[in-house]
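Novice: Quick one: sequence and predicted model below, then my questions.
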Amino acid sequence: MNTVKFTKEELERYSRHLIIPEFNIQGQRRLKNAKVLVIGSGGLGSPLLLYLTAAGVGTIGVVDFDVVEESNLQRQVLFSVEDVGKPKTTSAIQRLRGLNPNVNFIEHNTRLTSENALDILADYDVVADGTDNFPTRYLVNDACVILQKTNVYASIFRFEGQVSVFNYTDKEGKTGPNYRDLFPTPPPPGLVPSCAEGGVIGVLPGIIGSLQANEVIKVITGIGDPLNGRLFLFDALTFETRTLNVHKDKSQPSILKLIDYEVFCGLDQQQDDVPDVKEITVQELEKLKDSGKAYQLIDVRETYEYEIAHLNGELIPLAQIEDKVDQIDSNKKVVVHCRSGVRSAQAIETLEKKFGFTNLYNLKGGILAYANEIDSSLAKY
Amino acid sequence: MAKIIIPTPLRKFTGNQATIEVDAIDIRESINALSSLYPDLKKQLFDDAGEIRQFVRIYLGDEDIKVLNNEQTPVTQDAVISIVPAIAGGITN
């Protein structure tokens, strides 16, 4: 470790670390010698990558497959307006190089899958999971268990954040619990918050991702007590914080190989669960409008979604559709839409089954398709 | 009264209330009391067999009830019970 050398510029850059007695140059050497893989360069990944880069981690891998979108900028502070439309990994690394040119960045502009995960993770010492979906969370966990890597975990939803350090092997060689010890299986798709219920307050990933970066640094340098066997919870609304104990669950089967995580999370089934109802494309809706024929347009989204963008439809949120069935015309053509077409299909299925409607058509792709193909002035969310 | 802390994803079932107070002697009674106050919450917490779902953990103070006495774990008047669900981020369909 003593072979890790620093230039004068590096010594000056890291001097606020070097003068902390329990951190000192030894901690800085460990950082420079470390290889950290950050999975997801979004809300959590932004502060995580910024702080790990600033702190002087020697090698940082960035995994993401997405491009920067306008709606990312509310919280993903790595990116700027000029990055919109560009791959996140490329934009992120460009920004990070500007912050600290001493770091070796490795770009993985790809979706992490069961096929590539073990190969990608194998080269790193520590993994930081900042993804946004259950299949990838279980994939990252299982790959870390198989490869015996520490998984520094953080997750957010609306106003709430969770942080833990999973699969951590301590100085005595004892490995702590992993994500499956805490949550053996993911929620079934019906119980996962739907697209009407997502969202996150922009500053929350900044808080939680920074805590995650702190844990990565502790794991690498060996200072302090990592959040091994503990789960930290933060509620930004009430400012309640709790640290709960997490135990290994001996009843859980050993993780020996990666599986199909879409199937595990029931998402393949969810695709099939979208009711098969009559459809109308956005182009056909335009023709219908122009034809002057009578029709009714129903919007089954929530009021707060309507305020972002709407097609002048009559707003009846999905949950109220049965109570407000009297407002739906049964004599003329009725086009039902939502954001992407899933909720409106559910609404039509309910109305057909329970009330015998035969005149309902689902707007294929919802208001998103309309914004993409007909009216680019509509805000997408 | 024991205090139950409701996590963000489940607050829509409790009229956005972050904490609910219940009068109960153990965890099972507490959760049952909560379920009867907010019946829609029940489906979220229990599977068809009446077992607590695997993506939800129940804590008494800072300890998982699984290492205490599960649902028979006694609760005191000043107990704080946490419902902790798996969350993955805001991604959806």
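Specialist: It's in. As the structure is a computational prediction, the values presented were derived from the model and not from experiment.

Novice: Tally up the residues packed near the spatially closest residue to residue A:141 that is not a sequence neighbour, please.
Specialist: Residue nearest to residue A:141 in three dimensions, not counting chain neighbours: residue A:179, with 3.9 Å by Cβ to Cβ, 6 or more residues apart in numbering or on different chains. C-beta: built from backbone N, CA, C; applies to glycine. Each residue near residue A:179 was counted by other Cβ atoms under 10 Å in any protein chain shown, and the total is 23.

Novice: Ramachandran coordinates for residue A:179?
Specialist: The phi and psi torsions at residue A:179 (degrees, to the nearest 10) take the values phi -60, psi -40.

Novice: helices and strands around the helix or strand of chain B with the lowest mean pLDDT, which ones?
Specialist: Lowest by mean pLDDT, DSSP states H and E among the helices and strands of chain B is helix B:39-45, with a mean of 88. Using 3 or more Cβ pairs under 8 Å, 6 or more residues apart in numbering or on different chains; DSSP states H and E as the contact criterion, the elements in contact with helix B:39-45 are helix B:27-37.

Novice: so is the residue nearest the centre of chain B in a helix, a strand, or just coil?
Specialist: Nearest to the mean C-alpha position of chain B, by Cα atoms, centre = their mean, lies residue B:83 at 3.9 Å. The local conformation at residue B:83, judged by DSSP: H, G, I helix; E, B strand; the rest coil, is strand.

Novice: Who does it form a beta bridge with?
Specialist: In this structure, residue B:83 has the following beta-bridge partners (DSSP bridges): residue B:58.

Novice: Check what pLDDT residue 18 gets.
Specialist: You didn't say which chain, so I picked chain A. Looking at residue A:18, its pLDDT is 96.

Novice: should've been chain B
Specialist: With respect to pLDDT, residue B:18 has a value of 92.

Novice: Straight-line length of stretch A:307-326, end to end?
Specialist: 24 Å (Cα to Cα, to the nearest Å).

Novice: Determine if any part of that stretch is in contact with chain B.
Specialist: No - contact between stretch A:307-326 and chain B is absent, the nearest approach being 10.2 Å (criterion: Cβ under 8 Å from any Cβ of the partner chain).

Novice: May I have the phi/psi pair for residue B:3?
Specialist: According to degrees, to the nearest 10, the main-chain angles of residue B:3 amount to phi -100, psi 130.

Novice: residues in contact with it?
Specialist: Residue B:3 makes contacts with B:19, B:20, B:21, B:79, B:80, B:81, as judged by Cβ atoms under 8 Å, 6 or more residues apart in numbering or on different chains.

Novice: Counting neighbours, which of those residues end up buried?
Specialist: Restricting the contacts of residue B:3 to buried positions leaves B:20, B:79, B:80, B:81, with burial counted as 16 or more other Cβ atoms under 10 Å in any protein chain shown.

Novice: Looking at the residues you listed, spot the one nearest residue A:117.
Specialist: Checking those against residue A:117 by Cβ to Cβ gives residue B:81 as the nearest, at 36.5 Å.

Novice: so that closest one makes contact with residue B:7?
Specialist: No - assessed by Cβ atoms under 8 Å, residue B:81 is found out of contact with residue B:7, at 11.7 Å.

Novice: I'd like to know how many residues surround the closest residue to chain B within chain A.
Specialist: Residue of chain A nearest chain B, by Cβ to the nearest Cβ: residue A:132 (3.0 Å). By other Cβ under 10 Å, the residues close to residue A:132 number 23.

Novice: Shouldn't it be within a strand?
Specialist: No - according to three-state DSSP, the state of residue A:132 is coil, so it is not within a strand.

Novice: Next up, phi/psi of it, please.
Specialist: Comment: the main-chain dihedrals of residue A:132 come out as phi -130, psi 20, following degrees, to the nearest 10.

Novice: Look up how far residue B:20 lies from the residue in chain B positioned nearest to chain A.
Specialist: Going by Cβ to the nearest Cβ, chain A is nearest to residue B:89 of chain B, at 3.0 Å. Computed with Cβ to Cβ, to the nearest Å, the distance linking residue B:89 and residue B:20 is 26 Å.

Novice: nearest residue to the residue of chain A closest to chain B other than its sequence neighbours?
Specialist: Sequence neighbours aside, residue B:89 is the residue nearest to residue A:132 in space, at 3.0 Å (criterion: Cβ to Cβ, 6+ apart).

Novice: and chain B, which residues reach chain A?
Specialist: Where chain B comes near chain A, counting by Cβ under 8 Å from any Cβ, the residues are B:5, B:7-9, B:12, B:18, B:43-44, B:53-55, B:57, B:59, B:62-64, B:66-67, B:82, B:84-93.

Novice: Tell me the buried residues within those.
Specialist: A residue is treated as buried here by neighbour count (16+ other Cβ under 10 Å); on that basis the buried members of the residues of chain B next to chain A are B:5, B:7-9, B:18, B:44, B:53, B:55, B:57, B:59, B:64, B:66, B:82, B:84-93.

Novice: Now for the residue nearest to residue A:355 when sequence neighbours are not counted, how many residues are close by?
Specialist: Distances taken as Cβ to Cβ, 6+ apart put residue A:325 closest to residue A:355, at 5.6 Å, once the chain neighbours are dropped. Applying the criterion other Cβ under 10 Å, we find 15 residues in the vicinity of residue A:325.

Novice: What separation is there between residue A:325 and residue A:224?
Specialist: Here the distance between residue A:325 and residue A:224 works out to 60 Å (Cβ to Cβ).
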